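> I would like the atomic coordinates for the input below:
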Amino acid sequence: MRAQEYHQMQDEVGYCVASRDFMVFLDGLPTIKINDMVVSDNGIRGWVSSLYENKVEVLVLDEGIISPGQLFKRVKAKVSIATGEYLLGRAINPLGVPIDGKRMLSKSENDKLYELDTAAPPLSMRKFITDQFVTGVSLIDTLLPLGKGQRQLVIGDAHAGKTAFLLDLIINQRDSNVVCIYASIGKPITQVKSMLELLGNTGALAYTVMIAASSSEAAPLIYLTPQTAFTIAEYFQRTGRDVLLILDDIGNHAKIYREISLLSGRSPGRESYPGDIFYQHSHLLERAGSFKAEGGGGSITALPVLELNLSDFSGFLPTNLIGMTDGHLLFNSNLRNQGRIPAIDISLSVTRVGRQTQNRLQNLLSNKIRQLLAQAEDLETVSRFSAELPYETRLILKQKAIIQELISQEGLVRIPIAGQIVLLALPFTALFLDKDVNFIQKNKPVLLNTLLKDQRVVQFSQSLLKLEVLDELLKALEPWIPVFAKMFK
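From the prediction side, this is the model:
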């Protein structure tokens, strides 16, 4: 930039002509652009959100009193944040200020500033999603798999265990070289602190960055939270690493944007949301994906979260988000009350990309389980009208109950892919032929301990990954049936 242009930018000023809560309107600033920063004469910062013919709309980022006629100067910086490895293990607000009570960030003057609002990488920088994002949760990895770079909506009603599930995903990424970014959007500060404590106690904070704007913060800060999270995720992705990005809760972000739009005087649309709410979220989520080497390599797997009443499943916001993502996991609090963890409704959940990342054996086992669950659901309806059921029907219903018990997985338990294959193939062998669900509930800890810690079983499980036919898997398990049966005694 030439010196004359720089001084012109520094000298350009505007004056407040009106203010509405966190929004001010300025007169002046003839060459200002959207996302430029301004600062008042008493140090209050703001960023330009809209331009009108005769005024400039600014969202205020700092607390303070703004009076009509107050002077604002345009500054060189745009809405941006410095990123680096020093962010790992820290919690910051959307402007990069530490909120975890620890030392100041180890920044240097050479740290590059990254703008928060950027365009998504073009198609030429992206590659086909082929690698599975391993969560360590049997239900997800086998039945509803995720791919590295996938955008998967996490949706469901309150108290269904969504946050606990997401924290488990982060904790399960230890030793996987995955960087986790957790964006807490408009959540209570007490919840943010408890999450930080849990991640710290489990060692997961070492590879995690938390960006949080609590419900008591100004609306513009809450609005910027997912943009900051994506900007930090892109920094780590460009270093060739895989990133897990969680946006909790994107519904709060939509409400904040609705508040900003209504305060601005824009025409409300369906459910009072502004007409460009779809653009706001799709513009964000398009930044996720799996990228080629010229795009930095690595991937960003995005999990936006939406809490809603399941009776409102076809509302404006959920249908928008379902349309712009690659699938959804539907949590149901009724399933959680029945002891199902994670409380995901398999029949109503979808993954459009993940299945192509599974190995052949996983895919065949997944198809067999899903077919059995669907068949059992149909038979349950018929069985209500019959006093005595055929043996084949009773067997299918029992296998369904056993599978549901086996895929119910407590928190802080990580099961590798090989162990999941053995665990979910056992219901189709003779091991549980004369056993009921109560027996499974009682002995599941012993079975999991054997699958995870017995080196003979671990090595055997690993050897099964090369198989490509389901019958070969069941045949390979037959000699091990007496070994598993013996441990139950």
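
> C-alpha from now on. contacts and neighbour counts both.
OK.

> now for the helix or strand where L477 lies, which elements pack on it?
Here L477, judged by DSSP states H and E, is contained in helix 470-477. Judged by 3 or more Cα pairs under 8 Å, 6 or more residues apart in numbering; DSSP states H and E, the packing partners of helix 470-477 are helix 360-383.

> Helix 470-477 and the helix it packs on, what's the angle between them?
Interaxial angle, helix 360-383 versus helix 470-477 (axes from the mean of the first three to the mean of the last three Cα atoms, to 10 degrees): 100 degrees.

> confidence score at the closest residue to I396 other than its chain neighbours?
Of all residues not flanking I396 in the chain, A376 sits nearest, at 6.0 Å (Cα to Cα, 6 or more residues apart in numbering). At A376, the model reports a pLDDT of 93.

> residues of the helix holding L477 that come out buried?
Of all the residues in helix 470-477, those buried under the rule 16 or more other Cα atoms under 10 Å are 470, 473-474, 477.

> helices or strands next to the host helix or strand of I256 in the packing?
Element membership of I256, judged by DSSP H and E, is helix 250-264. Helix 250-264 sits against strand 178-185, helix 219-237, strand 299-307, with contacts defined as 3+ Cα pairs under 8 Å, 6+ apart.

> rewinding a little: need the contact partners of the helix holding L477.
361, 364-365, 425-426, 428-429, 464, 467 (Cα atoms under 8 Å, 6 or more residues apart in numbering).

> From those, list the buried ones, please.
Buried by 16+ other Cα under 10 Å: 361, 365, 425-426, 464, out of the contacts of helix 470-477.

> will you turn the contacts of helix 470-477 into JSON lines that also has pLDDT and distance to V58?
Output for those, formatted as JSON lines (pLDDT from 0 to 100; distance: Cα to Cα, whole Å):
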{"residue": "L361", "pLDDT": "95", "distance to V58": "56"}
{"residue": "L364", "pLDDT": "96", "distance to V58": "55"}
{"residue": "L365", "pLDDT": "97", "distance to V58": "55"}
{"residue": "A425", "pLDDT": "96", "distance to V58": "59"}
{"residue": "L426", "pLDDT": "95", "distance to V58": "61"}
{"residue": "F428", "pLDDT": "95", "distance to V58": "63"}
{"residue": "T429", "pLDDT": "93", "distance to V58": "66"}
{"residue": "L464", "pLDDT": "95", "distance to V58": "60"}
{"residue": "L467", "pLDDT": "93", "distance to V58": "61"}
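
> Tabulate the residues you listed (a markdown table), appending distance to T381.
Output for these, formatted as a markdown table (distance: Cα to Cα, whole Å):
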| residue | distance to T381 |
| --- | --- |
| L361 | 31 |
| L364 | 26 |
| L365 | 25 |
| A425 | 26 |
| L426 | 26 |
| F428 | 23 |
| T429 | 26 |
| L464 | 36 |
| L467 | 36 |
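
> Which pLDDT value belongs to the residue nearest the centre of the chain?
Of all residues in the chain, the one closest to the mean position by Cα atoms, centre = their mean is L303, 2.3 Å from it. L303 carries a pLDDT score of 98 in this model.

> before we move on, what about E5?
At E5, the predicted lDDT confidence score is 41.

> before we move on, what about T142?
96.

> what about it, distance to Q441?
Look at T142 and Q441: by Cα to Cα, to the nearest Å, they are 21 Å apart.

> Between these two, which has more neighbouring residues?
More neighbours surround T142 than the other of T142 and Q441, with 27 against 12 (other Cα atoms under 10 Å).

> ok, and the closest non-adjacent residue to that one?
Nearest one to T142, counting by Cα to Cα, 6+ apart, is S366 at 5.7 Å.

> hey, C-alpha coordinates of stretch 40-49 in PDB?
Output of stretch 40-49 as PDB, limited to C-alpha atoms (Å, rounded to 0.1, in the frame of the first residue of the first chain):
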ATOM      1  CA  SER A  40     -13.900   5.300  18.700                       C
ATOM      2  CA  ASP A  41     -12.100   8.200  20.400                       C
ATOM      3  CA  ASN A  42     -12.500   6.400  23.800                       C
ATOM      4  CA  GLY A  43     -11.100   3.000  22.500                       C
ATOM      5  CA  ILE A  44     -14.300   1.100  21.700                       C
ATOM      6  CA  ARG A  45     -13.800  -1.200  18.700                       C
ATOM      7  CA  GLY A  46     -16.300  -2.200  16.100                       C
ATOM      8  CA  TRP A  47     -16.500  -3.800  12.700                       C
ATOM      9  CA  VAL A  48     -18.500  -2.800   9.600                       C
ATOM     10  CA  SER A  49     -21.300  -5.200   8.900                       C
END
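
> What residues of it count as buried?
Those would be 40, 44-49, for stretch 40-49 by 16+ other Cα under 10 Å.

> State the number of residues packed around G339.
Using other Cα under 10 Å: G339 sits among 14 other residues.

> list the contacts for it?
So G339 contacts S408 (Cα under 8 Å, 6+ apart).

> Return the distance of it relative to G275.
41 Å.

> again, but for N201
Distance of N201 to G275, given as Cα to Cα: 43 Å.

> One more: P68?
30 Å.

> T163 now?
For T163 relative to G275 (Cα to Cα), the value is 29 Å.

> G156 too?
From G156 to G275 the distance is 24 Å (Cα to Cα).

> cool, K187 as well?
25 Å.

> out of the two, which sits in the busier spot?
Using other Cα under 10 Å as the criterion, K187 and G275 rank with K187 on top: 19 against 15.

> check which helix or strand covers that one.
K187 belongs to no helix or strand, assigned by DSSP H and E.

> can you pull the buried residues of stretch 371-382?
Buried-residue list, stretch 371-382, by 16+ other Cα under 10 Å: 372-373, 376, 379.

> what does that stretch contact?
Contacts for stretch 371-382 (Cα under 8 Å, 6+ apart): 393, 396-397, 400.

> Quick one: those residues as a markdown table, columns for neighbour count, secondary structure and distance to T239 too.
Formatted as a markdown table, the contacts of stretch 371-382 follow (neighbours: other Cα atoms under 10 Å; DSSP: H, G, I helix; E, B strand; the rest coil; distance: Cα to Cα, whole Å):
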| residue | neighbour count | secondary structure | distance to T239 |
| --- | --- | --- | --- |
| T393 | 15 | helix | 54 |
| I396 | 19 | helix | 49 |
| L397 | 19 | helix | 49 |
| K400 | 22 | helix | 44 |
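
> could those residues be laid out in JSON lines, adding distance to Q173?
Formatted as JSON lines, the contacts of stretch 371-382 follow (distance: Cα to Cα, whole Å):
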{"residue": "T393", "distance to Q173": "40"}
{"residue": "I396", "distance to Q173": "35"}
{"residue": "L397", "distance to Q173": "35"}
{"residue": "K400", "distance to Q173": "29"}
